[in-house]
Each structure stands twice: as C-alpha cells, then as structure tokens.
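Colleague: quick one, what's the 3D model for this:
(chains A and B)
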Number of protein chains: 2
Amino acid sequence: MELTGHSLIGQSSVPGAGTRFTAIDAATGEPMSPSFGSLSPDQVDQACHLAAKAFDAYRETPPNERARFLDTIADEIEALGDGLIRRAMAESGLPRPRLEGERGRTCNQLRLFATVVQRGEWMDVRVDTAQPERTPMPRSDLRQRHIGIGPVAVFGASNFPLAFSVAGGDTASALAAGCPVVVKAHPAHPGTSELVGRAIQRAIARCDLAEGVFSLIFDAGHDAGATLVAHPDIQAVGFTGSRTGGLALTRIAQSRPQPIPVYAEMSSINPVFLFPEALQHRADDLAEGFVASMTLGAGQFCTNPGLVLAVRGDDLNRFVETAARRVRETKAQTMLTPGIAEAYRTGCLKRADAANQVAQGEPGPSNLAGRSTLFKARAAEFRKNPTLREEVFGAASVIVECDDLDEMQALAEQLEGQLTATLQLDDGDWTAVQRLVPTLERRAGRLLVNGWPTGVEVCDAMVHGGPFPATTDTRSTSVGSAAIQRFLRPVCYQDFPETLLPASLRDDNPFGVSRLVNGEREYR
Amino acid sequence: MELTGHSLIGQSSVPGAGTRFTAIDAATGEPMSPSFGSLSPDQVDQACHLAAKAFDAYRETPPNERARFLDTIADEIEALGDGLIRRAMAESGLPRPRLEGERGRTCNQLRLFATVVQRGEWMDVRVDTAQPERTPMPRSDLRQRHIGIGPVAVFGASNFPLAFSVAGGDTASALAAGCPVVVKAHPAHPGTSELVGRAIQRAIARCDLAEGVFSLIFDAGHDAGATLVAHPDIQAVGFTGSRTGGLALTRIAQSRPQPIPVYAEMSSINPVFLFPEALQHRADDLAEGFVASMTLGAGQFCTNPGLVLAVRGDDLNRFVETAARRVRETKAQTMLTPGIAEAYRTGCLKRADAANQVAQGEPGPSNLAGRSTLFKARAAEFRKNPTLREEVFGAASVIVECDDLDEMQALAEQLEGQLTATLQLDDGDWTAVQRLVPTLERRAGRLLVNGWPTGVEVCDAMVHGGPFPATTDTRSTSVGSAAIQRFLRPVCYQDFPETLLPASLRDDNPFGVSRLVNGEREYR
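Modeller: All right, here's what the predicted structure looks like:
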C-alpha cells in the first residue's frame, strides 16, 4: 500500500516527467507525500493506444467474464482496507462515515453493473429473419446488437473521491459497456486515486484481460486531460465537475476531426417548491429538513438544494426564521480543497450583493472550512440577477419569495436545466402541483415529492441527469444502471452466416438474452 | 389538391413574405407553378411557439391515440392518390415505380411506428419500490420513464421526397416519441411537400390534436432553417443531406445558449470488400450486382457503393472489365436537381485527376442527367488523395487495387465512419473475413455479407447510422424502429403519490408495458 506517485499505463507503473504536485491535507492545507509527476502527451498517447489495442477483445468478452471482472474490482477495493479510507479522509476532508458509505456505494455500483451486464438487455438484440419469398422485394436477414463505443476518457470528480472517481459510476458503466477506460485522476485526491487504480490493475491481471482495458494518468494541470479528449483513439468522455470544465472538454471534443460525445454533469441549483398547504402545516419541519440537506457534506453535492421557491406570507416567514436559526447553529465544515473553499467564499460575497443574507453558520478554524449561508430575495430580484441562478458550490441557498402561485410557475418556466426539482406538498396542494409538474418534467431529470434531493440512489430507475446546463446530454443518466447506455452504439448484420455472427446474435442465443424477434419480444 | 405555395403553421395556411421560388422540373429544367414564398423569422418563431405550446399535451397522449394519429397520416397520404406521385415525379425526376415504392415505404414506416408506440418499450419503464426498513438508509420509491425531448426540427432530404421528407423517417419517429415537429421543406420538391404537409394537417384535425404538433415551413435559402435550429423551443434536429449542410446545422445547434442534439446523416462511401475466393468464383456476377447497386436511382442513395477494395490480379481484372462494360451500357439518368447534377459532374472531373477513369455510361439528353462513372486506383494513390475517399453523390465509384489482404485490412482501418460495409465472400475467405470484421464494426453501422448496400429495410433490426462523418451521432439510427430513441429522454419520479404519477408508472400499469421492477423484467 506504499504510494509511488506514478501513473498506471496498462500493467506498468510510469513516473511522469512533467510538473510534480502533491495532495493537500484538506484540514490543514499542508502538502502530503508522495509527489506525483504529470504525464507527457507521449505518455497519454501510449495509454490511449493500449486502450484501442485492447478494445476489440474486451468488447467481445462474454457477459459472465465481464461481470466477474467488475466484481473482482469491487473485491480488490475492499481489500485495500482502512488505508484507503484514511488517505481519502486526509485528501478530501470528508469524515470517515461518509467515506465508508461511499466505498460501499462504489463497490455496490460495480456489482450492480455486473448484474446488468449479465442481464444482457444493454445488447438490445433485435432479429428480423429473412423473407426470401416476399414481393416485390425479398427481405434480408437483419440482426442488431449494441457494442461498446470505444475507449472512454473518465475524469475523476473532486466531490466523490471514490463513487465518482477512478472506479466510480463513469468507469463502472463504461467497463460494463465493453469500453476500455483511461482515467484522468482528480489532482485533489491523487493518493486515493493511485490506490483504487492499482486495485483495478490487479483485477485485470486476475481476470487475464488485455492490460489496455484500464490506465490512470496524473497531471497537475489540464494538459493531459486535453490531450486525452483530443486523442483519436478516445470515443467518449465522462465528466462530473464545474460548468467551465465541462464546457472546455466539450469544445475540445467537438473540435476534433471526428467529434465525440461528452457526458458532463456540470451545474444545478436543484429548486425546491414549497406549496401553500405544506408550508402552512409543516413550516418548521420543512425548514429542518431543508437545512439538513443544504448543509450535508458542506453542501458539496451536485444535488444540493440551492434554491427554494414559495409564496410570501406568514408561513414562509416562519420557514425562513426556523431555517435561519438552524443555519446559524451549523458549524463550518472543511471543504474538499482550498480552491473550492475560496470559490465558495467569493460566490457568497457576490451573492450578498444581489440578495439579502439572512443567516450564516459559525465560522471555522480556518479559511478551509465553509460557513453555511442563507439568502432571501424577491422574485423580481431573482429574475434580474443571474448571479442568484448560478450554482455556488457549497452550503449556500436562496429563498425566493413569490407573490402568488402564478409567479412561482412563471419562475419555474424560466429556470435552466436541473438535475432535480423537489415538491413539498400536502393533499390540498395537488391542483397547483399538477399544473407545475409538466414544466418541471421539461426542466429536470428527477422530480421528488416530500423528500430532499441529496442522496442519489444507485438503482435501475435513477436519473442523475437533466437538460443543459445540468448535463451536456439530457438523453442520459450518470448514476444508476441506465448509465451503461451512454457508452454503446448499435451495429446491424445483414445476411451473416451463423458462424460469422457475433455470439449474441446467433439463433441459439447462447447468452440467453431477451430479444425482439420479428416484432415480438422473446424473453430469456 | 390545388397547391397554394403557402407554409403550414399549425392549422393555418400562411403565405411567406420573403423570396419566392418554384420547383424545377428535373427533366426539363423548367420552373413549375405555383411559386412558394419564404417565411420570415417571425413566422418561423410562430411555428416553434405553437409546437412548444402543443408539447406537454401531445407527449402525454395515450399510446393508442398516438398510434391512431400515425396511422391516420398514412391513410391521408394514400388518399392523395396519383396526384402526389405525378408531382413528385416531375419535381424529383425519379421514375414512377420508385416513387410508388417510396410512398409504400413511407406509409409502412408510419404504421410501423404506430405499433412501436403501442408496444411501449420506448418508455423504458423502471420501478424500484420503496424499502422503508433498509439500513443504514431507507430507499425511496423511484420510477423512471422516457418522455419526448421536445419540439423537433426536421429537414426534408432531396433524395427521398417522400420517405425522408415531410412525413419521412425523422418525422415519424419524432411524432412517435411524443415530439411536435416543424419541418423545413426541401426546396427541390415544395409541391410534394405541401401535399404531404396538408395530409398531416388533416390527420391532426381528425385526431383532435393540438395544432402545433406539426408545421411545415418553406424557404428558398438557408435562413429559415438556421432560425429554426437556433430557436429556443426546438430541442433536437433531424437531417439527411450533405456533410456541409449537416455540419452547418450542428454548429448552429452547438452555439445555442442551450446546445441541442443534431442527428445528421451526411456522408458515406460504403466500401465493398471483394475477398479472393468470391472474386475467383464469381467475378462476373459480382460485377453485375455491383454496377446495378451503384447505378440504382442514378446513384443518389446514402448507401451507394462508392468504393470497392480487392487484391489485384486476374480475378480482379475480370471484375473490372465486366463492371466497365456494364457501366458503358448504362444510360444517363435525370438527377434530382440541376445543382446535384452539376456537383456530380464537377466531382467526377476532380476525381479523374486522382484516379484512372475506366468507364463512363452513355451521355444523357442534357446536363441534367448524370453519366455513371467508374474509376480505378492503386492503394497508394487512394491513400494519398483524399478526393478518392470523399463521397461523390451520384453513380461514381472507385475500385482500389491492394497488393494483398494485409494492405486491404490496413486501408479499412484508415477509412472514415461509414453507414455500411459490404463483404463479398466464399467459404474459403472466412479466416480473412473474421480478421476484418472487428475493424468494420468500428467503422460502420451495418455490415452486409454477399449483398449490396442499397435498399435499406425499415424494420426493428436496421441500423442506418454509423461513426462520424456517416452521421453526427453514432449512437443512433435514422431508419427502423430504433430511430424513436433519438427523441426521448429519461425522467425519474421519487416518492410520487400514485395519483400524481404519470399513468405509465402507476402500479396497475394501464398501458400494459414491459417494466423493469426491482431488477426483474416484467412482461406485458
């Protein structure tokens, strides 16, 4: 478990010759050993080349073998034991229970994709058999399956050092789809990344897969990531992070001679709508629940509720008062990186110019901790100030007072794309809710009733996605089993003799997958 | 059946105030009445606005109602009778049997999507029920369905005045997905477009749908199309045409404040690989089949075989000789538009500088007809001259002589993305074929054995798509039932009370669709 500070190119451990950098202890701001060397463009090219070389064989691994590989990665991550948790705690400033939970989620996610691979629905096998006697033209035998799109570049996210990083959701779904993965580690948790990367490396060796199925590259800055996305062997990109970062990668991907899809999960303020009856009956409870969700993990979640909309009046005043009191009681929490803490402070100051700051949490021991901050604005101010509609990454939220439900509806219609939209309602609110839901369906990927948006279940039905700028591709989710679909493309085989057909398309259906045969669904 | 020369905005017939234009009789070059007026940006805005207004209701139409609408469009197109065929013949220069066949395909396509809508698999319903007792955290009730992405802009294609135009594959699949459609008519067949547009208009009235579900706009140039793609209410684009056109629309779509997906089917030379045994046993037959496919419909198909690769030698010489003889016997055919005929002539001249012209068909009565042209080049020349790898839209193909199978494999690896790749093989060729297939799977959307790429079956298993530049989105097909998936996005509902859930997600499954419930597939 000795860290080397090296990148992993296939089965090799490769020191980077470029700029050296270290992790920073999030709580103290002190550099941590070892130092990591940035890879050169040539070294990035080598990782991509290995990935391309591994692709044809890896994408044809039978489902049970690919599933075994995903399970083995989970086993190897668990085998890292407490050293992984300790390193991740130091690098991210996140508390032990959160990281233990995140490790569980990461391993469950890999195991979920193992079952998804074996279920085989991702192949979307379709068979239209030949009709040689059809007039005026005979019909050929046509068979469709999905294959991996090609090697995928994955960018580790700062806010989930395990579940959305080296072996996180993007990597798990891309590997499940049959795509080799080259991960660009997030420089905020390089040690955690190296440990998990080595676990994947070991799983590849144990499963006898081509070494190019996985590489992990380190870079202090943005060069290696840019080289990666521009590389002709890379065929898709998975990213979770800032709007600036996501859009920069998208521009590179679109400027390639062959443009490729980018799945960037970027920016969302996750509006919460408090309906009148709910507010009348449960203003205090709602305020407690809201502040708990808003301040969870120092507010460093993509689904953090950054916006509350409600009709002004005594009930809303009561909600604001209780929320303000709770916010004042919160203790500042260490943020993921000094840069994020700094951006949070700046964002709050900017927002204070545009809205009324109603409460701030207790200060922390240093500038590395973020103080929860609650703002309030009138609908007109909210409409006028784009600042109030922009995400401030951290525990900062704005409560917007509307004149009436019509104004609330109008504001909803003007919102940008969101990951989530939350409805707090009681029975008497249903008519108003039913009017708002169609708008929210167009604006968000997940709608919640009487819950809070933080806490994203990894399951079949989850949608962690949404219209731009929540993501760059509203047709997809980056959490849950449907995430596999991002990295697949269909191929059709016309009049192939049985022996030349890929196994999944043969008449005897050796993988036992569900198929659409001549317009009828056949089940396994 | 009197043509008005007006655009159709919802149920209104709207004269365009801009530049007037007419159809050109493809065979004579003479203008045809009536003249059509280009729409202003304000009028385009009106069509988009109506589409947005219709979206929420239309996307929630029950499957049987939406299916009835698609069937009604097909009925109304058939009710246009021979007037439609005669107008399309004059505007496109295509012969009667081809257009009658295309009308059949268009109506079958609409009816296929009616069955697809009712099958309901497009909803991809997923249900993960609540686990209130789960530790450490209870699980919420989570349900996912797909909804239409929003109003879709469809561009009519010149080469399929019925099957890929106003009521063609893009329109049928977008309407099936629950998306209103605004069609920009191709200016080469405005009369055909108006007739079909009125048929859709009547179907909307008969089915009592919101008028904004369909509009048809005319423009002499590119302004209305550009306005359409840039319009904030438009959420996706379907296009079949040139690489230049597809890329121009993509740039507009990506420069929007909210970028949207563009499905452009653009450019493909559809390589044909002749393997040694097949060539040895069937050189003459292969040459006949090849020339028939290459010259079909004056070569104006996206899947026209524009490239043949084989190992040089006596067998290939025999193939070339027979193919050349057949090409010389072909008569020039009227091309779709004077512009296309001119571009074809220019393309052939440019190609003649880079390769050896081995045969040309008989000249036509005028420059509006295209002469089939066959070229030959050595692999080294092919590699050196990008001209030879570019699509020349029309009946022009290049035969490339390789030194051996290794060279053929290497050339395949260097090809751009293609719609199709064809393998001509006999039993003795299998080893070589098995080596080439993985490369072609990465390079093309459809692989054929011992057939010819023209003739695209509309069925469940079809893939009419492929890596860039064949299309802008290799994850999709524009022909066949899977085309519906281009215009859908997932939405997740968390802890919604039964009454507030959309019908498709309710426990009683009123539409009887297949569902993934707690990881198990439940069938209808």
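Colleague: mind listing the helices for chain A?
Modeller: Here chain A has its helices, by DSSP state H, at A:41-59, A:63-79, A:82-92, A:96-119, A:169-176, A:190-206, A:223-230, A:243-255, A:276-295, A:314-329, A:338-354, A:379-384, A:405-414, A:430-443.
Colleague: run a quick neighbour tally on residue A:322.
Modeller: 18 (other C-beta atoms under 10 Å in any protein chain shown). Placement of C-beta: from N, CA and C, glycine included.
Colleague: what number of residues lie near the nearest residue to it once chain neighbours are set aside?
Modeller: Using C-beta to C-beta, 6 or more residues apart in numbering or on different chains and skipping the chain neighbours, the partner closest in space to residue A:322 is residue A:287 (3.6 Å). Other residues near residue A:287 number 24, with proximity taken as other C-beta under 10 Å.
Colleague: same check on the one 5 residues further on?
Modeller: Around residue A:292 sit 13 other residues, with neighbours defined as other C-beta under 10 Å.
Colleague: what's the most buried one of the helices of chain A?
Modeller: Per-stretch averages of neighbours, counted by mean count of other C-beta atoms under 10 Å in any protein chain shown, single out helix A:169-176 among the helices of chain A, with a mean of 30.
Colleague: and that helix with helix A:41-59, angle?
Modeller: 50 degrees (axes from the mean of the first three to the mean of the last three C-alpha atoms, to 10 degrees).
Colleague: could you chop chain A up by domain?
Modeller: What automatic domain parsing lists as the domains of chain A is A:45-266+A:475-486, A:271-449.
Colleague: how far does stretch A:176-196 sit from its chain's centre?
Modeller: Distance, stretch centre to chain centre, for stretch A:176-196: 14 Å (C-alpha atoms, centre = their mean, to the nearest Å).
Colleague: what's the end-to-end length of it?
Modeller: 17 Å (C-alpha to C-alpha, to the nearest Å).
Colleague: check stretch A:349-365 too.
Modeller: Terminal-residue distance, stretch A:349-365 (C-alpha to C-alpha): 19 Å.
Colleague: tell me if I'm right that residue A:466 and residue A:442 touch.
Modeller: No - with contact defined as C-beta atoms under 8 Å, residue A:466 does not count as touching residue A:442 (10.1 Å).
Colleague: returning to what we had before: adding mean pLDDT, write the helices of chain A out as TSV.
Modeller: Formatted as TSV, those follow (pLDDT from 0 to 100):
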stretch	mean pLDDT
helix A:41-59	98
helix A:63-79	98
helix A:82-92	97
helix A:96-119	97
helix A:169-176	98
helix A:190-206	98
helix A:223-230	98
helix A:243-255	97
helix A:276-295	98
helix A:314-329	98
helix A:338-354	94
helix A:379-384	94
helix A:405-414	97
helix A:430-443	98
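Colleague: go through these and name the closest to residue B:409.
Modeller: helix A:41-59 (12.8 Å; C-beta to C-beta).
Colleague: off-centre distance for that closest one?
Modeller: 24 Å.
Colleague: cool, and stretch A:162-175?
Modeller: On C-alpha atoms, centre = their mean, the centre of stretch A:162-175 falls 9 Å from that of its chain.
Colleague: what does stretch A:421-437 rub up against?
Modeller: Stretch A:421-437 is contacted from outside by A:270-282, A:286, A:305, A:405, A:408-409, A:412, A:440, A:443-444, A:446-453, B:499-500, using C-beta atoms under 8 Å, 6 or more residues apart in numbering or on different chains.
Colleague: an error on my part: the question was meant for stretch A:88-98.
Modeller: Contacts of stretch A:88-98 (C-beta under 8 Å, 6+ apart): A:23-27, A:32, A:85, A:99, A:102, A:158, A:161-162, A:188-192, A:297, A:333-336, A:368.
Colleague: could I get that stretch in PDB with only the CA atoms?
Modeller: Extracted in PDB, the C-alpha atoms of stretch A:88-98 (Å, rounded to 0.1, in the frame of the first residue of the first chain):
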ATOM      1  CA  ALA A  88      -9.300   9.700   1.300                       C
ATOM      2  CA  MET A  89     -10.200  11.400   4.600                       C
ATOM      3  CA  ALA A  90      -7.000  13.400   4.600                       C
ATOM      4  CA  GLU A  91      -7.100  14.300   1.000                       C
ATOM      5  CA  SER A  92     -10.800  15.300   0.800                       C
ATOM      6  CA  GLY A  93     -11.500  16.500   4.400                       C
ATOM      7  CA  LEU A  94     -14.600  14.300   4.300                       C
ATOM      8  CA  PRO A  95     -15.500  12.400   7.500                       C
ATOM      9  CA  ARG A  96     -15.000   8.600   8.000                       C
ATOM     10  CA  PRO A  97     -18.700   7.600   7.900                       C
ATOM     11  CA  ARG A  98     -19.300   9.400   4.700                       C
END
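Colleague: and that stretch, how far out from the chain's middle?
Modeller: Worked out by C-alpha atoms, centre = their mean, stretch A:88-98 lies 19 Å from the chain centre.
Colleague: ditto for stretch A:516-524
Modeller: Distance, centroid of stretch A:516-524 to centroid of chain: 33 Å (C-alpha atoms, centre = their mean).
Colleague: cool, stretch A:455-475 as well?
Modeller: 8 Å.
Colleague: can you point out the buried residues in it?
Modeller: A:456-475 (16 or more other C-beta atoms under 10 Å in any protein chain shown).
Colleague: stretch A:131-151 too?
Modeller: A:140-151.
Colleague: now those in CSV, with pLDDT?
Modeller: As requested, these are arranged in CSV below (pLDDT from 0 to 100):
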residue, pLDDT
A:140, 98
A:141, 98
A:142, 98
A:143, 98
A:144, 98
A:145, 98
A:146, 98
A:147, 98
A:148, 98
A:149, 98
A:150, 98
A:151, 98
